[in-house]
Structure formats: C-alpha cells, structure tokens
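Chemist: Need a 3D model of the following:
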Amino acid sequence: MLKDLLKSSIVFAAGVAAGAAVVLLLAPESGKEAREHLKDLAKDVKERAQEFCEQVKDKVESVTQEKEA
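Modeler: Below is the predicted model:
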C-alpha cells in the first residue's frame, strides 16, 4: 500500500516536471511573460503538491490506524 503511494508520488512529480518543461520550451513568450508564466506555474505546482502531500499524509495515517486497531 505504501509502496503504491510512493510510486504515485514519484510519477506525479515527474509528470509535473515534464509538463512544466514542455510548457516553457514551447511557449512563444517574451522573457518577462515567460517569467510571469513560470511564476504562476510554480505557484500552481506548489498548491497541487501540497494538496497531494496532504492526501498522502491522510492515507498513511488511515493505514497506520487500521494496523493499530
């Protein structure tokens, strides 16, 4: 169960990084626009990562409580 969560976390992070790289490489923007876009993208990634980490934390706590019961 925890191995699956870890695998999912790694796949999620790799997907986010790959998506960000593609966006930056293919976006026809000026330097200022690219920096703004990157800033917005980083904020979005941070929020998604925090939500994902919270879900993983909740799942781990749930599994731990089930094992203790």
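Chemist: By mean pLDDT, point me to the weakest helix or strand of the chain.
Modeler: helix 2-26 (a mean of 76; mean pLDDT, DSSP states H and E).
Chemist: need the contact list for the residue nearest the centre of the chain.
Modeler: Nearest to the mean C-alpha position of the chain, by CA atoms, centre = their mean, lies residue 49 at 3.8 Å. If you count contacts by CB atoms under 8 Å, 6 or more residues apart in numbering, residue 49 has them with 13, 16. In this view, the C-beta of every residue, glycine as well, is placed from N, C-alpha and C.
Chemist: pLDDT wise, what is it at?
Modeler: Model confidence at residue 49, given as pLDDT, is 84.
Chemist: go on, residue 66?
Modeler: pLDDT, residue 66: 83.
Chemist: by how many degrees do the helix or strand that contains it and helix 2-26 diverge?
Modeler: Using DSSP states H and E, residue 66 sits within helix 31-68. Angle, helix 31-68 to helix 2-26, by axes from the mean of the first three to the mean of the last three CA atoms, to 10 degrees: 170 degrees.
Chemist: Give the buried residues for helix 31-68.
Modeler: 41, 56 (16 or more other CB atoms under 10 Å).
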